[in-house]
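>>> The sequence and its predicted three-dimensional model are supplied below.
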Amino acid sequence: MEVERVQAISTLSMNTGSIPEEFIRPEKEQPAITTFHGPAPDIPTIDLSHPDQDHLVELISKASQEWGLFQLVNHGIPSDLLHKLRTVGREFFELPQAEKEKYAKPPQGFEGYGTILQKDAYGKKGWVDHLFHIIWPPSRINYKFWPQNPPSYKEVNEEYAKHVRDVGDKIFKYLSLGLGLEENAMKEGMGGEDLDYMLKINYYPPCPRPDLALGVTPHTDCSTLTILVPNEVPGLQVLKDDRWIDAKYIPDALIVHIGDQLQIASNGKYKSVLHRSKVDKDKTRMSWPVFLEPAGDFPIGPLPQLLSPDHPPLYKPRPFKEYRFSKLNKLPLSN
Ligand SMILES: O=C(O)CCC(=O)C(=O)O
């Protein structure tokens with residue numbers, strides 16, 4: 001079956017100046033109507049090179065409780081590597097369509113190149129194509145879904161995987177200490193070294209009506225943590241105190257999202273952040289989130305160390321794959 005990619009729809013729409021009806025969000029979601037423009041607090045920016053660990057624990061823990069999201073600077077990932085990551089990803093999406101389709105996502109799979117085909121609850125779609133593949137652990141990598149073109153794609157992404165793990169480990173450590181736990185408690189509570197690091201590349205082509213459309217629609221991540229690299233075209237928005245707030249573009253910063261599994265493991269202390277992305281009238285926006293996900297059979301529930309008669313569990317433990325299935329299929333996520 002031939003699938004129409006948003007990249008192709010964008011080319012047509014840029015000529016006509018209009019977008020197909022299925023991309024026009026309902027008014028209560030249209031960015032032009034719902035973006036908050038008044039004075040708003042900035043999303044916290046945290047300098048990971050700060051020498052005082054207690055200070056970092058406090059900042060990361062506070063941002064994760066109040067926002068569920070923060071920007072991370074001086075995180076140790078070389079600027080040159082981030083540049084290469086963005087370059088090879090962009091080069092893949094700029095290949096001829098037939099070349100990209102060689103990596104098309106199989107009907108039941110998670111990995112591969114694709115476009116969300118199902119319409120959402122409003123009968124609408126997001127203005128975005130994507131590529132998904134696991135980058136860690138090596139035993140879970142399927143190179144079938146890694147572009148062979150550009151030729152340096154593999155080397156760059158393997159290098160990035162090592163660095164993103166180091167950053168993830170530090171965040172898990174500070175999140176554990178922030179709740180008074182042993183430093184490895186949070187990562188171990190998510191399955192430790194069995195976590196999957198799932199890379200997604202979002203490709204949001206120019207859209208003649210960015211006032212009406214969204215790239216990814218409002219959602220929280222199923223993951224534990226998500227560590228995202230954006231390109232220079234801003235677009236991420238988070239819901240804070242019922243207002244959609246723009247994330248500023250900070251060159252080379254990583255944007256860290258708290259996902260549903262961390263909210264569950266922390267028994268509700270850390271908040272999984274509701275977010276969405278806008279698209280641009282003239283420019284292509286791209287982003288590279290890495291979702292740190294538990295193995296499918298791994299049961300996620302509130303960490304026992306956090307429970308007491310005064311702090312009963314807010315969530316029922318269940319294997320990650322059951323949680324994900326219910327969420328993806330919009331089944332009740334009963335506790
Ligand atoms: O592109 C972004 O900034 C957000 C991406 C996102 O939320 C997602 O892919 O789930």
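Sure thing, it's come through.
>>> need the strands for the stretch 51-200 of the chain, in chain order.
Ranges of strands in the stretch 51-200 of the chain, per DSSP state E, counting those that start in this stretch, are 69-73, 112-114, 129-136, 196-204.
>>> and those strands as a markdown table, adding distance to residue 36 and mean pLDDT?
For every residue, glycine as well, the C-beta is placed using N, CA and C. Compiled in a markdown table, the strands of the stretch 51-200 of the chain are given as follows (distance: least, Cβ to Cβ, whole Å; pLDDT from 0 to 100):
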| stretch | distance to residue 36 | mean pLDDT |
| --- | --- | --- |
| strand 69-73 | 15 | 98 |
| strand 112-114 | 32 | 97 |
| strand 129-136 | 27 | 98 |
| strand 196-204 | 21 | 98 |
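>>> Just put these in TSV and tack on mean neighbour count and distance to residue 298.
Formatted as TSV, the entries for those read as follows, by neighbours: other Cβ atoms under 10 Å; distance: least, Cβ to Cβ, whole Å:
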stretch	mean neighbour count	distance to residue 298
strand 69-73	22	24
strand 112-114	20	24
strand 129-136	22	15
strand 196-204	23	10
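>>> Just send the ones you listed back as TSV, with distance to residue 155 too.
Rendered in TSV, the data for the strands of the stretch 51-200 of the chain read as follows (distance: least, Cβ to Cβ, whole Å):
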stretch	distance to residue 155
strand 69-73	24
strand 112-114	20
strand 129-136	12
strand 196-204	14
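>>> looking at these, which is closest to the ligand?
strand 196-204 (4.7 Å; Cβ to the nearest ligand atom).
>>> how about the strands of the stretch 51-200 of the chain in TSV, adding distance to the ligand?
Output for the strands of the stretch 51-200 of the chain, formatted as TSV (distance: least, Cβ to the nearest ligand atom, whole Å):
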stretch	distance to the ligand
strand 69-73	10
strand 112-114	12
strand 129-136	7
strand 196-204	5
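>>> of all the ones you listed, which lies closest to residue 240?
strand 69-73 (8.7 Å; Cβ to Cβ).
>>> on that earlier part again, can you say which of the strands of the stretch 51-200 of the chain is nearest to residue 222?
Distances from residue 222 to each of these were compared using Cβ to Cβ; the minimum, 10.0 Å, belongs to strand 196-204.
>>> Just tell me which of the strands of the stretch 51-200 of the chain ends up closest to residue 56.
With distances scored as Cβ to Cβ, the stretch of the strands of the stretch 51-200 of the chain nearest to residue 56 is strand 69-73 (10.3 Å).
>>> which neighbours does the closest one have in its sheet, and in what orientation?
The sheet places strand 69-73 alongside strand 45-47 (parallel), strand 254-258 (antiparallel), with pairing taken from DSSP bridges.
>>> Compare the ones you listed and give me the one nearest the ligand.
When those are compared by Cβ to the nearest ligand atom, strand 254-258 sits nearest the ligand, at 7.0 Å.
>>> can I get the CA coordinates of stretch 264-277 in CSV?
As requested, the backbone C-alpha atoms of stretch 264-277 are provided in CSV (Å, rounded to 0.1, in the frame of the first residue of the first chain):
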residue,chain,number,x,y,z
ILE,A,264,4.6,5.8,38.7
ALA,A,265,7.9,4.7,40.2
SER,A,266,8.1,7.9,42.3
ASN,A,267,4.5,7.3,43.4
GLY,A,268,3.4,10.6,41.9
LYS,A,269,6.2,12.8,43.1
TYR,A,270,7.7,13.4,39.7
LYS,A,271,5.2,14.5,37.1
SER,A,272,5.0,13.2,33.6
VAL,A,273,4.8,16.3,31.4
LEU,A,274,2.0,17.0,28.9
HIS,A,275,3.5,18.4,25.8
ARG,A,276,3.0,19.0,22.1
SER,A,277,4.8,20.5,19.2
